[in-house]
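Trainee: turn this into a structure:
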Amino acid sequence: MLMPRRLLFGCAAMLAALASAGTAGAKPLVHAIPADIASLDPADIRGQQDQEIGTNVYERLVRMKFNPKPDGTLMADPVEVVPELAESWTVDGPVITFKLKPGINFYPTGNPMTSEDVRYSFERLTRIAGNGRNQAGIAGLFKAEQVEAVDPLTVRITFTDGDGKPTAVPVALTSMKFQQFAVIDSVEVKKHVTAEDPWANEWLKKNLATTGPYYIANRTLGQQLELKAVPNHWSGKQPAFEDVVLRIIGNADLVSLIKGGVVDYAAEGLTGRQYDALAAAGFPVLHGETPSILRLHMAMDKEPFTDPKVRQAVLYAIPHDRILKTALSGRGKRQICLYNAEDWTCTNNYEKYKADLNKAKELLKEAGKTSLSFDFWYSTALPYNSDIAIIIADSLKQVGITANLKPTPALQLLDAVRARINGVDQNMSGMLLNEGVIWLNDPSTLTNLGLVTKTPTAGFTNWARFSDPQVDELHLKYRNSSDKDARLAAYKTIQENVASSASTLNPAILVGRTIVVSPKITGVTFSQDPYARYIYLRPKQ
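Mentor: Numbers count the residues shown, from 1 in each chain. Got it, this is the predicted structure:
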């Protein structure tokens, strides 16, 4: 029987659903999330929720090293890693050899984890077009032949540049900690291969083949996922919360659910004002300057954004201070580098685009467009997106620009964005507001994702259709180069070209990560990939 939407997502429905989740007599940890999972396949991650759950249900050769802070939170080192499925490794120039921990089995199949599982997992990254292939390329892994199963517990990887030349890629080892490098049960996955789907992508979108620490016990599409701790995990350690519910909030009153003790952890779905209200009510509101950056993209292949002066005018009309104060309650800061704020190549050349309505009007006049309009797209999954979009639209109106607000559900927007990027549907245009995270303080990832001309191996997020032959050439030549000075010069040129174009990945606000938790919980983590890690969360003593 279908239930009315308002009832389905109301507080009463939430309480009933959570009462039936978890083990009898034990309250699960409840994490409020804004949208459902699109894919569980590590090689085909689609969005933030996919990445968040992937962090918790899969394991990798190495993991992040977390350091405790005085407030009880844990901060990840941006580079250093510690063993997870690998017990040790040796680095010899472009070659890293991993020794695997013995006695690890996949759940629930019981199949032993071997070097062949690692080799197969990484081969899939090179074979399936998408986020996994991009992340593998950042690390210097382009072809299956680069990964060798030496013996059942030894894996040798030879990293290369884009031309196949063995290269000591600076971010090769630290990249292994990210979700895409999860090790999957190759024996189980191969059972679901078909002629039409030779890498079982469709099966892995909906199923797990993992070593733990959690598995999906129940799932109701559009409502919630219930995770349970893998029994007798190979590590010998069980998480403090053996049951975790990821609850899709919809239009429920999240503040009331947190105050009522129904939701224990939330990092999306709240405005700055709501965080303030919860902090005043005694709930821990924690903020970290992780590289979550709010960006603006303009479809440069369609009017009115075919003229760079129009695009520049829009950037001069963005009221950064008002966004920070009104929509984010002072949490965050203006972002002036194309890349992460701590990226070693930063030129901070977006500093010139300070809010200046007179400059915006002047540029529009030079372009012969004193008035114009366009569609302004953004996801409804994050409530502060609406506040930010309204503030931007109001500022644009003052220079003669009408932004037609297009608030869109997250998965629907993702489908439309991907359709435009992949050339499937050409109807979407105008301007796109989104929040993105690049996990490394290095320019290669963002350039390969959003700046390089769309190809089977690059441009996976190039919604604006930016295309600059010089950018393509410099990135291909220097993305994995060991010549630091030449690489720095190359990415400085790339930043100048992109800032002048003003079309894509325009940084606006370093949003960071704001988390509210139950006063009874500690162990919150902050990391460059800004996701919850349930194994560290625990009840306060």
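
Trainee: C-alpha from now on. contacts and neighbour counts both.
Mentor: OK.

Trainee: so which elements touch the longest strand belonging to the chain?
Mentor: Counting residues, the longest strand found in the chain (DSSP state E) is strand 74-83. Where contact means 3 or more Cα pairs under 8 Å, 6 or more residues apart in numbering; DSSP states H and E, strand 74-83 is packed against strand 62-68, helix 172-175, strand 525-526.

Trainee: for those, give me a markdown table that also has mean pLDDT, mean neighbour count and distance to Met113.
Mentor: Shown next, in a markdown table, are the helices and strands packed on strand 74-83 (pLDDT from 0 to 100; neighbours: other Cα atoms under 10 Å; distance: least, Cα to Cα, whole Å):
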| stretch | mean pLDDT | mean neighbour count | distance to Met113 |
| --- | --- | --- | --- |
| strand 62-68 | 95 | 19 | 15 |
| helix 172-175 | 93 | 21 | 21 |
| strand 525-526 | 94 | 25 | 28 |
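
Trainee: which positions in the helix or strand containing Asp415 come out as buried?
Mentor: Using DSSP states H and E, Asp415 sits in helix 410-421. Residues 410-411, 413, 416-421 are the ones in helix 410-421 that count as buried (16 or more other Cα atoms under 10 Å).

Trainee: pLDDT check: weakest of those?
Mentor: By pLDDT, Leu411 ranks lowest within the buried residues of helix 410-421, coming in at 82.

Trainee: against Asp36, how distant is it?
Mentor: 8 Å (Cα to Cα, to the nearest Å).

Trainee: I'd like the helices and strands packed on strand 74-83 as a markdown table, with distance to Glu87 appended.
Mentor: Below are the helices and strands packed on strand 74-83 laid out as a markdown table (distance: least, Cα to Cα, whole Å):
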| stretch | distance to Glu87 |
| --- | --- |
| strand 62-68 | 9 |
| helix 172-175 | 14 |
| strand 525-526 | 23 |
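
Trainee: so which of these gets nearest Gln49?
Mentor: strand 525-526 (16.2 Å; Cα to Cα).

Trainee: strands paired with the closest one, and their directions?
Mentor: strand 74-83 (parallel) (DSSP bridges).

Trainee: show me which positions of the strand it pairs with end up buried.
Mentor: Applying 16+ other Cα under 10 Å to strand 74-83 flags 74-76, 78-79, 81-83 as buried.

Trainee: now it: mean pLDDT?
Mentor: pLDDT averaged over strand 74-83 gives 92.

Trainee: what angle do that strand and strand 62-68 make?
Mentor: 140 degrees (axes from the mean of the first three to the mean of the last three Cα atoms, to 10 degrees).

Trainee: what about Glu80, distance to Ser175?
Mentor: 10 Å.

Trainee: repeat that for Lys190.
Mentor: Distance from Lys190 to Ser175, by Cα to Cα: 26 Å.

Trainee: ok, and what's touching stretch 475-482?
Mentor: 138, 140, 160-162, 167-170, 444, 447-448, 452, 486-487, 490-491 (Cα atoms under 8 Å, 6 or more residues apart in numbering).

Trainee: put the buried members of the residues you listed into a PyMOL selection.
Mentor: Of the contacts of stretch 475-482, the buried ones go into a single PyMOL selection, burial set by 16+ other Cα under 10 Å:
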select buried, resi 138+140+160+161+162+167+168+169+170+444+447+448+452+487+490+491
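
Trainee: in strands only, show me the contacts of stretch 475-482.
Mentor: Per DSSP E, those never map to strands.
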